[in-house]
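In: Here is my input, please return the structure:
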Amino acid sequence: MTSKRSHSRKRPTETRRLRLPPDENRRRLIEALASSIEQNGYRRTSVADIVRIARTSRRTFYEHFEDRDACFLALFDAANEQMMQRIAARVRSDAPWSEQVDMAINAYLDDIAERPALFKSFARELSALGEAGDSRARAAVERIATLLITLVEYSRREHPDVIAHPLSFEMAVVIVAGLRELTVAALEEDADFTPLRATVSEIVKTILNAAVLSSESPSSRSPVTDTGHEHR
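Out: From the prediction side, this is the model:
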């Protein structure tokens, strides 16, 4: 294809690129980095790889990002935003409390299972970026924790006889951070997520039963199952 290019063909290509809005170029660069990470890993990905996959220029890259690490942090932000949206969209407020927990957990794990190499890279590389990486990781945990609090509060308003107490921020962070650690361990071992789902579901429900359910609720007296019924 390179041999067929001419000046007359380059001009339309460049014009099409110039018509892209700035955020579109940014999106393409972020997606290109994700693609390269999935193929070669972050440490073996260069800016040249990113712009080649994005079909743009180094100049365009540096118009949007200070360096490769900045692009990586933007990718992490984008991936977590997608996860947040997925969890919020998956949880049905009219479903039984136990099912809502499973919906949130499955949405979280489904998102990671679709791109394991990408999330494995986040787990390995963020800490190497110093405070910038650490603060992003903390913010991601806190955002999901806040979403969990919101979901619990909505259910509390709808079912005050079942959910008597709000979920504290500290408890939500413990749940999300624990879920993250279990997920990272599974990623590092290339483990099947199927048994992890059941384990996480039981742990989260046990914590939530103790933290937010009414003492008069049947669910608070024994662990709930995936269908929302008590163990017999």
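In: Now the longest helix belonging to the chain: average pLDDT?
Out: Secondary structure of the chain per DSSP state H: the longest helix is helix 131-158. Averaged over helix 131-158, pLDDT sits at 90.
In: So the protein: which segments form each domain?
Out: 1-65, 69-232 (automatic domain parsing).
In: Where among the ones you listed is average confidence lowest?
Out: domain 1-65 (a mean of 76).
In: neighbours around A123, how many?
Out: 17 (other Cβ atoms under 10 Å). For every residue, glycine as well, the C-beta is placed using N, CA and C.
In: give me the element it is part of.
Out: helix 116-125 (DSSP states H and E).
In: For that helix, report the contacting residues that lie outside it.
Out: 34, 37-38, 41-43, 72, 75-76, 79, 112, 133, 183-184, 187-188, 190 (Cβ atoms under 8 Å, 6 or more residues apart in numbering).
In: before we move on, back to that, how far out from the middle of the chain is the longest helix of the chain?
Out: Centroid displacement of helix 131-158 relative to its chain, using Cα atoms, centre = their mean, to the nearest Å, is 12 Å.
In: For it, which residues meet the burial criterion?
Out: Buried residues in helix 131-158, counted by 16 or more other Cβ atoms under 10 Å: 133, 136-137, 140-141, 144-145, 147-149, 151-152, 155-156.
In: Could you measure from D94 over to M103?
Out: Relative to M103, D94 is positioned 11 Å away (criterion: Cβ to Cβ, to the nearest Å).
In: Specify which residue of the two has the higher count of neighbours.
Out: M103 (17 against 7).
In: quick one: contacts for the more buried one?
Out: Counting by Cβ under 8 Å, 6+ apart, the residues that M103 touches are R90, V91, R92, A95.
In: Looking at the contacts of helix 116-125, which are in helices?
Out: 34, 37-38, 72, 75-76, 79, 112, 133, 183-184, 187-188.
In: thinking again about what came up before, pull out the buried members of the contacts of helix 116-125.
Out: A34, I37, Y42, F72, L75, F76, A79, I112, G133, T183, V184, L187.
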